[in-house]
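Participant: coordinates only, no sequence provided:
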């Protein structure tokens, strides 16, 4: 796996929750998906009757893929070893995002020509453990992703949120996202979803 960037960014105290943000980018292989999938089984089990399994995650991500992992306390020390898993015990929330289109200059200088801008930085998976919700953690992670997307000169940030997650839908609306598409589930209306979009000038 090619590790494009690997750095830590402390976001400090968020409404009495001492939380740090670990930001990782990878390309070519989905090294961290196994750990994130295990984490999200905990987060999404109360909402979905069949949360994504690892094979479901492996089918979807683009390249490069970004992981924004929120930890209780300081971020863990991790290496670039393929065999070293993430520390998921202290992980309290996460967001997985990717570009809708291939773009080789994702971590390069953002000063590339206007005509080379691509459309969407897609917030694919967003979740916070139940006991850490309503502390501003999800807001901080999403805000950071928006900053990254704007810095990289994407035109929009997009997310599809299911109706079983009304709190996330309200959060995106408060942050200025517009509902641009309604997606119906033919088997279960609880899994209808809304596609949200935040546009940059």
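Facilitator: The structure has been received and is ready for your questions. Predicted, not measured: the structure shown is a model, and the values here were computed from it. Numbers count the residues shown, from 1 in each chain.
Participant: point to the residue nearest the middle of the protein.
Facilitator: Central residue of the chain (Cα atoms, centre = their mean): residue 95, 2.3 Å from the mean position.
Participant: quick one: strands adjacent to the helix or strand harbouring it?
Facilitator: The secondary structure element spanning residue 95 is strand 91-99 (assigned by DSSP states H and E). According to DSSP bridges, strand 91-99 forms sheet pairs with strand 65-72 (antiparallel), strand 120-128 (antiparallel).
Participant: what's the shortest one in contact with?
Facilitator: Contacting residues not belonging to strand 65-72 are listed as 17-27, 30, 32, 36, 75, 86-87, 90-98, 128, 132, 137, 140-141, 144-145, 148 [Cβ atoms under 8 Å, 6 or more residues apart in numbering]. Every residue, glycine included, has its C-beta placed from N, CA and C.
Participant: in helices only, show me these.
Facilitator: Mapping those onto helices (DSSP state H) picks out 36, 137, 140, 141, 144, 145, 148.
Participant: out of the residues you listed, which is most surrounded?
Facilitator: The most crowded member of the ones in helices among the contacts of strand 65-72, judged by other Cβ atoms under 10 Å, is residue 141 (26 neighbours).
Participant: let me see the contact set for that residue.
Facilitator: With contact set as Cβ under 8 Å, 6+ apart, residue 141 has these partners: 21, 68, 70, 93, 94, 95, 126.
Participant: still on that earlier bit, buried subset of the contacts of strand 65-72?
Facilitator: Among the contacts of strand 65-72, those that count as buried by neighbour count (16 or more other Cβ atoms under 10 Å) are 17, 19-27, 30, 32, 36, 75, 86, 91-98, 128, 132, 137, 140-141, 144-145, 148.
Participant: tell me the strands beside the helix or strand hosting residue 181, with direction?
Facilitator: When secondary structure is defined by DSSP H and E, residue 181 falls within strand 178-183. Each strand that pairs with strand 178-183, with its direction, by DSSP bridges: strand 193-199 (antiparallel).
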